[in-house]
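Novice: Give the three-dimensional model of this entry:
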Amino acid sequence: MASAVIPCPSCGTKNRVPSVAAGRPRCATCHRDLPWIVDVADRDFDAAVDTDRLVLVDLWAPWCGPCKVVAPILETLSRDFAGDVKVVKVDVDQSPITAQRFSAASIPTLIFLRGGGVVDRLVGAQPEHVLRERVKMLLAHADSPPN
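Specialist: This next block holds a predicted model:
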């Protein structure tokens with residue numbers, strides 16, 4: 001399984017964060033929650049979203065202008081909601097099975113998962129305040145069962 005090196009927002013220590021893991025990633029030095037943002041492909045997708053955290057799946061492509069606008073917003077949200085949200089980025093050109101699974105006819109398509117089920121979906125680039133409020137609302141309703 002792939003992993004990313006994420007600098008801790010609190011102390012700056014570089015930490016290896018796996019795309020697939022139970023629990024939540026924490027800094028090896030200061031033990032604070034780390035942003036959990038990973039790139040996965042079709043073969044790793046199911047394992048990557050198998051977590052009790054809210055998962056925000058970003059179906060994107062490198063040539064997509066609106067996707068490039070959303071990417072830094074997702075990085076910010078992964079830092080601001082560290083420990084509560086896992087961002088899983090899926091390049092639709094490299095992972096057509098996952099794109100088809102979620103009927104991603106337009107990108108970016110953002111799928112929110114909890115317990116393996118879809119709890120919300122947004123299509124198109126959204127401003128930060130819209131995505132932030134959506135995440136807050138979904139976290140506040142964490143006890144609601146997935147659709």
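
Novice: Please tell me how far the residue nearest in space to the middle of the chain sits from Leu138.
Specialist: Residue closest to the mean C-alpha point of the chain, counted by Cα atoms, centre = their mean, is Val87 at 1.1 Å. Val87 is 13 Å from Leu138, where distance means Cβ to Cβ, to the nearest Å. Just so you know, the C-beta spots here come from the backbone N, C-alpha and C atoms, and that holds for glycine as well.

Novice: Same check on Phe102?
Specialist: According to Cβ to Cβ, Phe102 stands 17 Å off from Leu138.

Novice: Next: Gly65.
Specialist: In terms of Cβ to Cβ, Gly65 sits 27 Å off from Leu138.

Novice: same question, Pro7
Specialist: Pro7 is 27 Å from Leu138, by Cβ to Cβ.

Novice: between these two, who's got more neighbours?
Specialist: When Pro7 and Leu138 are compared on other Cβ atoms under 10 Å, the one with more neighbours turns out to be Leu138, at 19 against 13.

Novice: in the protein, what spans have low per-residue confidence?
Specialist: In the prediction, the chain carries residues with pLDDT under 70 at positions 1-2, 22, 143-147.

Novice: Now the most far-flung residue of it relative to its centre, what are its backbone angles?
Specialist: For the chain, the C-alpha lying farthest from the average C-alpha position belongs to Thr29; by Cα atoms, centre = their mean, that distance is 23.8 Å. Here is the backbone geometry of Thr29 (degrees, to the nearest 10): phi -90, psi -60.
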